[in-house]
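>>> Test case, fold it:
(chains A and B)
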Number of protein chains: 2
Amino acid sequence: MTRQTAFDDLITLLGQRATRSKPELDQHGRSESHFPAMPPEMVTYPESTDEVAAIVRICASHGVPVIGYGAGTSLEGQAQAPQGGCCVDFRLMNRVLRINAQDMDVIVQPGLTREALNAELRATGLFFPVDPGANASLGGMASTRASGTTAVRYGTMRDNVLGLEVVLADGRIIRTGTRARKSAAGYDLTALFVGAEGTLGLITELTLRLQGQPEATTAAICGFTDMAQAVGAVTETIQMGLPMARIEFMDAASVAAVNAWSGTDIPLVPHLMVEFHGSDSGARAQAETFGQIVADHGGTGFDWATRAEDRTKLWAMRHNAYYAIKAARPGSVALVTDICVPISHLAKAVSRTQEDIAASGIEGPILGHVGDGNFHAILLYDDQNPAEVATAKALSHRMVTRALEMGGTATGEHGIGLGKLDYMQAEHGAGWDVMQSLKAALDPANIMNPGKMLRQG
Amino acid sequence: MTRQTAFDDLITLLGQRATRSKPELDQHGRSESHFPAMPPEMVTYPESTDEVAAIVRICASHGVPVIGYGAGTSLEGQAQAPQGGCCVDFRLMNRVLRINAQDMDVIVQPGLTREALNAELRATGLFFPVDPGANASLGGMASTRASGTTAVRYGTMRDNVLGLEVVLADGRIIRTGTRARKSAAGYDLTALFVGAEGTLGLITELTLRLQGQPEATTAAICGFTDMAQAVGAVTETIQMGLPMARIEFMDAASVAAVNAWSGTDIPLVPHLMVEFHGSDSGARAQAETFGQIVADHGGTGFDWATRAEDRTKLWAMRHNAYYAIKAARPGSVALVTDICVPISHLAKAVSRTQEDIAASGIEGPILGHVGDGNFHAILLYDDQNPAEVATAKALSHRMVTRALEMGGTATGEHGIGLGKLDYMQAEHGAGWDVMQSLKAALDPANIMNPGKMLRQG
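Residues are numbered from 1 along each chain as shown, chains lettered A, B, ... in the order given. From the prediction side, this is the model:
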């Protein structure tokens, strides 16, 4: 059996850092979301780019699938192994290689998590802003084009990766981008690999843009009687050019779950959570202007958190909302949808979704990154109850279909993986064929993360 | 002759909007920069995407090169036709198709110029920020990944194109991106076509991000005794997170040329020109903070222009610097180099270049977008004097080689075209082979802008 030969060769290469132990295979076949387990046949733990290249060459010569693995926090099954094969877990490649403080960039290995990076950066006065909530690995964040709460100000991984080192499907090692802030030199290979979910190659090094830690930060939470008011306030703020660092939405159901989880007593109406970064006077002026806009749009219960500990509590509340919501129905499974629409359609997209959920009989609190037009419903269902499974899937399908009809996208930040494959044709049409051509050009044998993103079969 | 058949078919398709008149061929074979004329064999003026697709299909079936043409302002020969063929001039496809004010985006045809777009946007309170100086077409700006004075705040075309309609080499029409602000749905095809210089397809429609017109704008000019001081001031400003909208550098030689051209009497030392956008109080506070930073770094002659007419004069001076410098040596040809380095290397890159130029015997004022680490030398030479031609080329070569050694790029914003082809291998290594594979996948017969960007022969 030719796969067995590959696995033998990998053990020869890596010794105990190549394993077929069942607990490790199972752990790497699980997902944070609702997908059934799909374990790989081997898990490898490379320590260098050269080892990654050697792994890929061995797999390539025996037609063994290669699946990259970071922190395992992806939500669409990106790191699962539906066709078996070799999982490449980057946990041992987790170092900061070089901080260039004056250039405000950093070179890191892909297994480093964003929290570990920011801990290392603390003394430099710099930080890496992309914050998807989970303590994801930076290689995984690049591969899934992650974003999160701060994208409205600092952009997504698309905007914050200056360059990459990538191992291709044939084991070649390439470098994309430079440390220059911009370039017009040829095709944008960096952007091609960011968001490719490991289907074109494995990221083995990243050069990331950093930001200066703001002199001052202000954060606030405020309530609205409906979503349209909240969106109106956000739209006006963006058009005025007020640089919000974060602007998050939680519906009343999310607030209820957060209250139960955190012991808070936030009123049960839709809320915005906002943060401004700037100089002392700048952040204060922005906050005051925002306060006026909120009042003009009927916002209430405005509460500024200028102390660091209050802000930390505020954002911990937001980041824990997923767990708070899951805890609201113990034992349930969560289907976390993720759509993004032009902001002019956001209020309607959210209210239609709320109507659908209310009529469905299952629970589905909504929260999202309102400045980007991106929101999630966390659909809770009993996976032993076929009717509830069908209901959750139908709700998610309606949300995605509606997003596409509104000129939006099937996923703002969670990616395609296994979960959104069925929408690629509808979203991209002939563009999906172009993606297929690119895939065939760089991975003709389809060994890189097969079963994801591209047309199957 | 098979090309003749294609040209006949194009005349049948387009009537008088397909021409082989010598003056029109010559006009489309010229370049703004130093390249000799390379005219196409036919110029076409399509009025719709379907006509563009029909043109490409005719050319594809007869192996005729297809070269896109916008405003003809590219600086590396991107729109020239070294292998003849059919020029597709987009001047008749120059409409604003839809302004989505609430979403702050606009859908335009590729032949629209940036100034015409901003004129149409004026009443909406929005503007399109990318400003390469020349009144370029938006399709051309996307194709060359243009940027310019405002990239430090608003990014390059890479950051400001949300989606595209593209006619591929076989005449298929695809759409990339959506009107959502972000997406994680598949490969980033938008980024693949932005900067591809028409070698993968022709852009026939663009969805662009817009910005709110700032409530207040402040601009200033100030002198420094040397480049290192100026860069120090800029670096500190960026690290503090002060959002400069523009930050431009002119060396003493550029200042001299500008003085002669504009009748000004700016002191003959290196200067920074800066602009801030924000609320009334915000822009003022930023300006004051910047003033302090400048003083700390030895800046002098600080002069704020808060009145719109003074600012217009200031930026007209900067935008006319190219013509002012060319006029300083009448009859000379200008080789406009364009490199970009990590900002920590900028002062050294500029001073080494100045030393090289001083020793060379030809003139070459330097200016650039200092916030990005991007600068230009405008090398003036007599193209009838082989020694001067060789000197200019050697200077440019040393600048580019040094930029690559410093971890930078061969071109920050002017692109590859014909002029930077020789540096692709050095900058990208095996990555250039990957570009070749992508090109072969999407344009196997190499009809789209042949002779540019990719490996030749």
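
>>> The residue lying closest to A:A349 once chain neighbours are set aside - how many residues pack around it?
In this structure, A:A349 finds its nearest non-sequential neighbour in A:V341, 5.0 Å apart by C-beta to C-beta, 6 or more residues apart in numbering or on different chains. (Glycine included, C-beta is placed from N, CA and C.) By the other C-beta atoms under 10 Å in any protein chain shown criterion, the neighbourhood of A:V341 contains 30 residues.

>>> List the residues that contact A:V341.
Applying C-beta atoms under 8 Å, 6 or more residues apart in numbering or on different chains, one finds that A:V341 lies in contact with A:A349, A:G373, A:A403, A:M406, A:G407, A:G408, B:A180.

>>> Narrow these to those in helices?
A:A349, A:A403 (DSSP state H).

>>> now, which of the contacts of A:V341 sits nearest A:G139?
B:A180 (24.8 Å; C-beta to C-beta).

>>> For burial, what's the neighbour tally of that closest one?
When neighbours are counted by other C-beta under 10 Å, B:A180 registers 29.

>>> close enough to count as contact, it and A:D338?
No: proximity of B:A180 to A:D338 does not meet the contact threshold set by C-beta atoms under 8 Å, at 11.3 Å.

>>> Would you map the helices across the stretch 301-450 of chain A?
Chain-ordered helices for the stretch 301-450 of chain A, with DSSP state H, counting those that start in this stretch as the definition, fall at A:308-319, A:321-327, A:346-360, A:386-405, A:424-428, A:430-442.

>>> Mean confidence (pLDDT) on the fifth one, please.
On average, the pLDDT along helix A:424-428 is 98.

>>> Run the chain-centre distance for it.
The chain centroid and the centroid of helix A:424-428 are separated by 20 Å under C-alpha atoms, centre = their mean, to the nearest Å.

>>> How about the residue lying closest to A:L121 once chain neighbours are set aside: which residues does it bridge to?
Taking C-beta to C-beta, 6+ apart as the measure, A:L121 lies nearest to A:F127, with 5.6 Å between them; neighbours along the chain are not counted. On DSSP bridges, the residues paired with A:F127 through beta bridges are A:Q211.

>>> what's around A:F127, how many residues?
Each residue near A:F127 was counted by other C-beta under 10 Å, and the total is 17.

>>> Hmm, A:N118 and it touching each other?
Yes: A contact is recorded between A:F127 and A:N118 when judged using C-beta under 8 Å, the distance being 5.4 Å.

>>> taking the contacts of A:V341 one by one, which sit in strands?
Nothing among these maps onto strands, per DSSP state E.

>>> okay, the contacts of A:V341 in a markdown table with pLDDT and distance to A:P450 next?
Shown next, in a markdown table, are those (pLDDT from 0 to 100; distance: C-beta to C-beta, whole Å):
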| residue | pLDDT | distance to A:P450 |
| --- | --- | --- |
| A:A349 | 96 | 33 |
| A:G373 | 95 | 32 |
| A:A403 | 98 | 27 |
| A:M406 | 97 | 32 |
| A:G407 | 97 | 31 |
| A:G408 | 98 | 28 |
| B:A180 | 97 | 28 |
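
>>> Which single one of the contacts of A:V341 is nearest to A:G29?
Distances from those to A:G29 were compared by C-beta to C-beta; the smallest belongs to A:A403, at 29.6 Å.

>>> can you tell me which residues contact the residue nearest to that closest one when sequence neighbours are not counted?
Setting aside the residues directly before and after it, A:A403 is nearest to A:I339 in space (C-beta to C-beta, 6+ apart), at 3.8 Å. If a contact means C-beta under 8 Å, 6+ apart, then A:I339 has A:A349, A:N374, A:F375, A:M399, A:V400, A:R402, A:A403, A:G408, A:T409, A:A410, A:T411, A:G412 as its contacts.

>>> distance of A:I339 from A:A146?
Relative to A:A146, A:I339 is positioned 16 Å away (C-beta to C-beta, to the nearest Å).

>>> ok so, going back, kindly provide the distance from the residue nearest to A:A349 to A:L404.
Applying C-beta to C-beta, one obtains 9 Å for the distance of A:V341 from A:L404.

>>> Residues of the stretch 251-400 of chain A that sit close to chain B?
Residues of the stretch 251-400 of chain A found near chain B, taking C-beta under 8 Å from any C-beta of the partner chain as the criterion, are A:277-279, A:281-282, A:285-286, A:289, A:338, A:340-344, A:372-374.

>>> Just these: which are in strands?
A:H277, A:G278, A:C340, A:N374.

>>> Can I get the residues you listed in CSV including neighbour count and pLDDT?
Below are those laid out as CSV (neighbours: other C-beta atoms under 10 Å in any protein chain shown; pLDDT from 0 to 100):
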residue, neighbour count, pLDDT
A:H277, 25, 90
A:G278, 25, 85
A:C340, 30, 98
A:N374, 32, 96
